[in-house]
Structure formats: structure tokens, C-alpha cells
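quick one, what's the 3D model for this:
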Amino acid sequence: MLRSPRVTSPWRRVIPTALGLLAVLAPVAQARAEGVVDRVARSGQLVLIGDPGLAPMLSRDAQGQPQGYGVEVARRVAAELSAAVGRPVSLRFEPVTDPAALGQRIAQGKADLACGVPFSWERDMTVDYSLPIGLSGLRLLAPAGRFDGAPEALAGRSIGVVRDSLAETELRGMQPAARAVPFANLPAAVSALQAGRVEGVIGDSSLLAGLVRAQGATGLALTPEDPYERYAVACLVPENDSAFRNLVNLAIARFLQNYLDGQPEAVAAIDRWLGPGSALQLPQERIRTYFETVLLGVEALRPLPAPAPSGRPAP
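Numbers count the residues shown, from 1 in each chain. Below you'll find the model as predicted:
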């Protein structure tokens, strides 16, 4: 009797591999299925992550508590969540000094929010971004007079950058002859500059200005006047969690609108970190112009006028 040749199905190899992958992804899928709003409604906590050495976005006060522009945004997100879930929501901060770990922790459901992060197409594949909360760019920090910011002057010079960052990519593109020296984070790069181990540092100009002020460093200057590249900074949120992202965007829009409307608490909170007297010394008019640009595509959020007393028409 003739027997049909034995055929080995490719599924015999694929199924075990797929099951193993599902076992690895199951905790992440479960965290995503719950969603941040549901998780916050259950726990009463919103988890913010970030590097506390990166003022003005994030730092610690004298009591060790988180502070900064990113924290101000996160507090308003917590308030928006509180109104949505009908219970008090507290902000819990967890320090993360590795820039690459920010997106990973949020994608894995181990954190909810990270604010003050530049947009990246690569990172956008695994997490989502909120409305922008500010504008920054890449510049060079070095002893005053050493460089004028021209890429030609960087050839053969040791320049510190954060490993696998936009600054590293930009430096290699605009001056391949520069000697890029990678560091784990921006504070480490600035410390190396002060110790004379590198001749300059390219990074986010807002964060570099904040580090110089926080460390009391003198004799350093940021060049060129116009950044090598400009970009918006925003908050990272879990991917495909539209309920949470909508509330984050609503909180940000209210905050920016309140500044534009001259609401004293919002003006004081933002100017403390970005405006006159801050490390960045940004003119209020420049802040207002950018906020207006951000809000062009969304509905203005202003309180409705109080109803007129009975029998009297509203003015």
C-alpha cells in the first residue's frame, strides 16, 4: 500500500515560538488593556517618571520633592484625572536617569507620564506624544570664546553627547570629523566638560542652561544664537490609550490658555521655570507667541460667564 509522504507543517515550528512571545507580552497587553484612567481610578495615583537632574523640566527642591515645568504640567494632568474619575489623584514621582528607559517603562505599563521629552519618530512607534508644552533646540555648551557654534570649528574636537540621542545624530551629520564622546545622560556630559575631559557638549539648550544654573558653573556659553535644530517638547503617554491622552491634552491646553489669558497662578508657574528671572530668561511675549501657535488647532478653553440673575439679561 502506498503511503503519502509525510509533510511537516511549518506551524509545528511557529506555534511554540508564538506562544512564547505571547507569554512575554501578556503582562504588557494586560497593562494596556486596563488603561491609565482605569488604573488611576483604582489606585488614586499618577506615576510620573524622568531625570531629576534636568532642570528646568525636572529637579528636586530642598526637601527632595520633584519640581520643574514638567512637574507643573503633570500636576494639572493629575487634577484633570481627579475630575474625570471622581476621586483625589496624587502624583507619584519615580526617577529614571536613562533616557532610553523612559519610553520603555511607559510602553510596559510601569509608568504613566514623562514630560519635557523631544519628539522622536523612533520613540513614537512604541509610545504616543501629547500636545507640545514648549520649544527647544540643540546648541553647543563650551567655555566662552572657545567656539562660535560653526560646525567647521568642531572638526577634530572632542564633543560630549548623550548616547543614541538626537544630538549625537546631528553632530555626526553636520561635522563627521568631530570626535563624539557619548555619555549616559546630559548631567554626566556637562560634568565631563567642567572636568576638562571634553571640549564642548551638544544637547538640548533649555536643559543645558538649567544645568549650568543648577551647578553654579561660570565661564560657559551656549552657541550658536540660532540652534542647530529646533523641536517641540511634550509628554510621553502610553500608545493607543486615547482616553488618557485626551485628558493629558486637555490639561495642557487649559494650562497654556490660562497663561495667555493672564491667569496669575498659571503665569507665575510657567514664568518661574521658563520666563524672566528663570534659567532660560525667555521673554513673556515669546512664550505667548509659541503657546498661541500650539493652541491654533484646538478649541479655546475659557470659563463661561456666570448666568445673569433672574429677570436681568446678561450684558
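
do you have the helices of the stretch 101-250 of the chain handy? List them.
Shown for the stretch 101-250 of the chain, the helices assigned by DSSP state H, counting those that start in this stretch span residues 121-124, 166-174, 186-194, 205-215, 242-260.

just put the ones you listed in CSV and tack on mean neighbour count and mean pLDDT.
Just so you know, the C-beta spots here come from the backbone N, C-alpha and C atoms, and that holds for glycine as well. As requested, the helices of the stretch 101-250 of the chain are exported to CSV (neighbours: other CB atoms under 10 Å; pLDDT from 0 to 100):
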stretch, mean neighbour count, mean pLDDT
helix 121-124, 12, 88
helix 166-174, 18, 93
helix 186-194, 21, 94
helix 205-215, 21, 90
helix 242-260, 20, 97
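
those helices: which one's closest to residue 40?
Closest approach to residue 40 among those (CB to CB): helix 242-260, 8.3 Å.

tell me what the closest one is packed against?
helix 36-43, helix 69-85, strand 229-238, helix 264-273, helix 284-294 (3 or more CB pairs under 8 Å, 6 or more residues apart in numbering; DSSP states H and E).

quick one: strands adjacent to the third one?
Okay, so that is strand 229-238. Strand 229-238 pairs in its sheet with strand 114-118 (antiparallel), strand 127-129 (antiparallel), strand 134-143 (antiparallel), by DSSP bridges.

looking at these, which is buried most?
Across those, the average number of neighbours (mean count of other CB atoms under 10 Å) peaks for strand 114-118, which reaches a mean of 25.

so for that strand, mean pLDDT?
Strand 114-118 comes out with an average pLDDT of 94.

residue 162 and residue 138, how far apart?
11 Å (CB to CB, to the nearest Å).

quick check: neighbours shared by these two?
Common contact partners of residue 162 and residue 138 (CB atoms under 8 Å, 6 or more residues apart in numbering): residue 203.

on that earlier part again, just send the strands paired with strand 229-238 back as a markdown table, with distance to residue 300 too.
Shown next, in a markdown table, are the strands paired with strand 229-238 (distance: least, CB to CB, whole Å):
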| stretch | distance to residue 300 |
| --- | --- |
| strand 114-118 | 23 |
| strand 127-129 | 22 |
| strand 134-143 | 20 |
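
okay but residue 267 is in contact with residue 259, surely?
Yes - judged on CB atoms under 8 Å, residue 267 makes contact with residue 259 at a distance of 5.7 Å.

need the residues touching each of those two.
Common neighbours of residue 267 and residue 259 (CB under 8 Å, 6+ apart) do not exist.

what about the residue positioned nearest the centre of the chain, distance to residue 106?
Centrality entry for the chain: nearest residue to the mean C-alpha point is residue 117, 2.1 Å, by CA atoms, centre = their mean. To residue 106, residue 117 is 10 Å away according to CB to CB.

overlap in contacts, the two.
residue 236.

give me the contacts around stretch 50-57.
58-60, 66, 68-70, 93, 95-97, 99, 102, 114-116, 185-187, 206-207, 209-211, 213-214, 233, 273-274, 278-280.

beta partners for the closest residue to the residue nearest to the centre of the chain other than its chain neighbours?
Distances taken as CB to CB, 6 or more residues apart in numbering place residue 236 nearest to residue 117, at 5.3 Å, with adjacent residues excluded. Residue 236 has these beta-bridge partners by DSSP bridges: residue 114, residue 129.
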